[in-house]
Each structure stands twice: as C-alpha cells, then as structure tokens.
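1. one predicted model, sequence on top.
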Amino acid sequence: MLLQRYAAANREENGVIWMGEEEAQEQPTLVERAPLVEGVSLTLSPLPEGEALTYQEIYEKCLPSVVSIQAGSENAVSEGSGIVCTADGYILTNSHVIEGARWVEVVLLDGSETSYEAKLVGRDGQTDLAVLKIEAQGLTPAEFGDSSLVQVGDLALALGNPLGAQFAGTLSDGIISFRDRGVTVEGYEMELIQTTAALNSGNSGGALLNAYGQVIGVTTLKMISDSDTIEGLGFAIPSGTVKTVADALLAEGHISGRPTLGILGRSLSVRECLEAGVTGGVYVSSVEEASDAWDKGLRSGDIIVGVNGQAVSSVEDINDIKSALSAGDVLELELVRDGQRRTIRVELVEQYTLDA
C-alpha cells in the first residue's frame, strides 16, 4: 500500500539515493490557480528571550500550524506535510509534494480534522517550495524564526506526517548537524540545514523547529543508500530562503531570472566514458517536453560533451557556462548519440515555464 500511495523520488548520485515523495513528475501540475496577492509576506522573528520551551509546549504550540496534504493525479495519491503561513489560509509545502497533481486537499491537525480543497498560488521546483491557498479563516499561523541564527548543536524538532495521514502530527527530535550544507539535487545546488531529526516519506513540506517552537526550516529530503550505512542525514530548506521564495510566489506566482536548458543529467562513470569513446560528458537522463531542447531533438540517453566550444563533464560545468546568460540566449551543444557526434543549438528558457 505504501508503494502505491508514495511515489519514491529516487535521485541516485555517486551511489547515494536522495529520497523524497514525488508523484508523477513527468505529468504537468494541473491544480487550479489561486489569485496572486499583494502585501502578504513571511516575517522572521528573532530568538525570544527567556528559557526554551519543553517538548510538550512546543508540540502544543506548533501542531495547529502544521497540516496534512494529499495530492492526486490520474493514477495515484501522494501525501506530505504543510505549514500554515497566515490565518486566512496560505499554506507552505514542498513543490515535489504537489508536482503532477490535478487536485490538492489540506487537512488541519488542530483536532478538527477539517479538510479543504487547495488552489496553487505558485511553486518553484529549484528550491522545492510551493504556496497553496485554502478558503479558511482563524487558522493558527506558524511563527518563523531566523535560520541565520541557527548554530550547530542546537535542538531541532521535525513536525509532520511521516508515511502520511496514518502517522499525522508526529514529532521527532535531533540536533542541527550543519548549517549551510551544499547539496546538489537534480542539477541544482541547494544550501540546506542538515539535521539528525528523523524524516520519512510524508515529512516533506513539514516544519523543522527550534527550542522556542519557531520554524527554522521546511523539511525536504533525507539521504539513504542501499549500499552504505547512512543514519540521521535529513535536510531542511532554511527559513531565510523560504521567506525570499514564498514572498515572490505570493506576489508573482513564480521565480523569474533563471535560464535553463530543461534537462536532468549526471556525470558519466569511467566505464561509461570508455564505452562511449569519450573522455567525459553529461548523460542526459530526461528532457522537459516544454523546452526548446526537446524541440531541437535532445533526448534522454544523449551525452553532452561540449557546450559553446568548452568540454563538459558535469552538470555543474554546464551551469557555470550558462550562469552569465539569460532566457533567450542560445547554447551550442556537442552531443554523442549511438557513437555519432552532432551539434545542436538550444535556446535557454525561464525555469518557471517548465514548472507548470
């Protein structure tokens, strides 16, 4: 049953799998859109004076501000967590929780178990954040703390719905293991809070809390492996990043100024290089059909060995080349397909146009 309700988003890099629940990632997100809003933004509060709260006090304070989320596509239903941002129903979650969904339902954990149909204000796949809107009043907004004040060794509590509604409202404890951990996910470098607090499928979009019950991060993924022993490597999006992205999504519905090819890829192994007859390259694992790269014939299985005359061996190499470019600019890609080399010219597009 769990495999049917949770589509595992397995991203394998160097033998390690990054896990988060992600549903029907090849399908467009067709959730009805909510109107944009002016004058609504997240506020990051300073650390309170006085003694820290007990675990029981933190749970009582924060549980009404965390919600359960179900997102349905044609073939499956995924479940995750969310955080109440405003009393009138703006909800924060992970983008991958609602990706590919046709409808989204939000269930309150304040004891009422009231459910609402949610509309999508906006989402950003690169930072894995999304803002939803439900028609509700009198909700309990979470208090967001300042992630720049977090220190390694601080208490960290994860509050969410591991494995979905079956274990809704679960609190797990740990510490802050690292504050600004650079993690590459699907070709994007993310600066995340690393924690030992237990995270599982369903925790995505939930709250990482400090000792005062302030949200210092949005839980997003954990690290597991089928070949190594890995424990206590969970990650959350810092509240500083959350504020910047959420404010933009509320006002514009998207994040602009991010040119992209619209592909996912990975570096070739030594063996793959030998088999392909190249010294290095980027294996294309998928291509967004809405991108110019797809229109120009780039397909999964192709190997990119050069961009604008420069040899590349990693997604980071490609990102470095396009970092000074804008949407509408053109990259010349040198490809290897079935042992044959070819060159195509591909126009960069805005990332948000692919987050439909």
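-> Cool, the structure landed. Numbers count the residues shown, from 1 in each chain.

2. every contact and neighbour count from this point should use C-alpha atoms.
-> Noted.

3. quickly find the element holding A327.
-> Using DSSP states H and E, A327 falls within no helix or strand.

4. again, but for the one 5 residues further on
-> Mapping E332 onto the secondary structure by DSSP H and E places it in strand 330-337.

5. how distant is that strand from the center of its chain?
-> 28 Å (C-alpha atoms, centre = their mean, to the nearest Å).

6. give me the residues contacting that strand.
-> Residues outside strand 330-337 that contact it (C-alpha atoms under 8 Å, 6 or more residues apart in numbering) are 276, 301-309, 322, 341-348.

7. could you redo the last one with a cut-off of 10 Å?
-> The contact list for strand 330-337, computed with C-alpha atoms under 10 Å, 6 or more residues apart in numbering, reads 261, 276-278, 281-283, 292-293, 298-312, 318, 321-322, 325, 341-349.

8. which ones among those residues are found in strands?
-> Within the contacts of strand 330-337, residues falling in strands by DSSP state E are 282-283, 303-307, 310-311, 341-347, 349.

9. low-confidence ranges in this structure?
-> Within the chain, the stretches with pLDDT under 70 are 1-26, 187, 356.

10. if we use 50, what do you get?
-> Counting by pLDDT under 50, the ranges of the chain that qualify are 1-25.

11. for it, which segments count as helices?
-> Ranges of helices in the chain, per DSSP state H, are 2-5, 55-62, 95-98, 239-252, 270-276, 292-295, 315-322.

12. how about the fifth one: buried residues?
-> Which is helix 270-276. C273, A276 (16 or more other C-alpha atoms under 10 Å).

13. give me the sheet partners of the strand holding E332 and which way each runs.
-> Strand pairing for strand 330-337, using DSSP bridges, gives strand 303-307 (antiparallel), strand 340-347 (antiparallel).

14. start and end of stretch 127-143, how far apart?
-> Using C-alpha to C-alpha, to the nearest Å, the gap from the first to the last residue of stretch 127-143 comes to 21 Å.

15. could you turn the buried ones of the contacts of strand 330-337 into a PyMOL selection?
-> PyMOL command restricting these to the buried ones, with burial defined by 16+ other C-alpha under 10 Å:
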select buried, resi 261+276+281+282+283+292+293+298+299+300+301+302+303+304+305+306+307+311+312+318+322+325+345+346+347+348+349
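
16. and the residue nearest to S204 when sequence neighbours are not counted, how far is that from L53?
-> Nearest in space to S204, with sequence neighbours left out and distances taken as C-alpha to C-alpha, 6 or more residues apart in numbering, is T220 at 4.8 Å. Distance, T220 to L53, using C-alpha to C-alpha: 25 Å.

17. one step back: most tightly surrounded among the helices of the chain?
-> Comparing the helices of the chain by mean neighbour count (mean count of other C-alpha atoms under 10 Å), helix 95-98 ranks first with a mean of 29.

18. so what secondary structure elements neighbour it?
-> strand 66-72, strand 77-84, strand 115-124, strand 129-133, strand 215-224 (3 or more C-alpha pairs under 10 Å, 6 or more residues apart in numbering; DSSP states H and E).

19. from I321, how far out is the spatially closest residue to R345 that is not a sequence neighbour?
-> Leaving aside its sequence neighbours, R345 sits nearest to E332 (C-alpha to C-alpha, 6+ apart; 4.5 Å). For E332, the distance to I321 equals 11 Å [C-alpha to C-alpha].

20. overlap of the contact sets of the two?
-> The contact lists of E332 and I321 share V307, N308, Q310, where a contact means C-alpha under 10 Å, 6+ apart.

21. tell me the one of those nearest K243?
-> Using C-alpha to C-alpha, V307 comes nearest to K243 of the shared contacts of E332 and I321, at 34.6 Å.

22. quick check: bridge partners of the closest one?
-> Under the criterion used (DSSP bridges), V307 bridges to Q310, L333.

23. determine the longest strand present in this protein.
-> For the chain, the longest strand by residue count, based on DSSP E, is strand 170-185.

24. tell me what it is packed against?
-> Against strand 170-185 (3+ C-alpha pairs under 10 Å, 6+ apart) you get strand 11-13, helix 55-62, strand 155-160, strand 188-195, strand 207-209, strand 234-238.

25. which one, of the ones you listed, ends up nearest to L354?
-> Here strand 188-195 is closest among those (C-alpha to C-alpha), at 14.8 Å.

26. no more questions from me, cheers.
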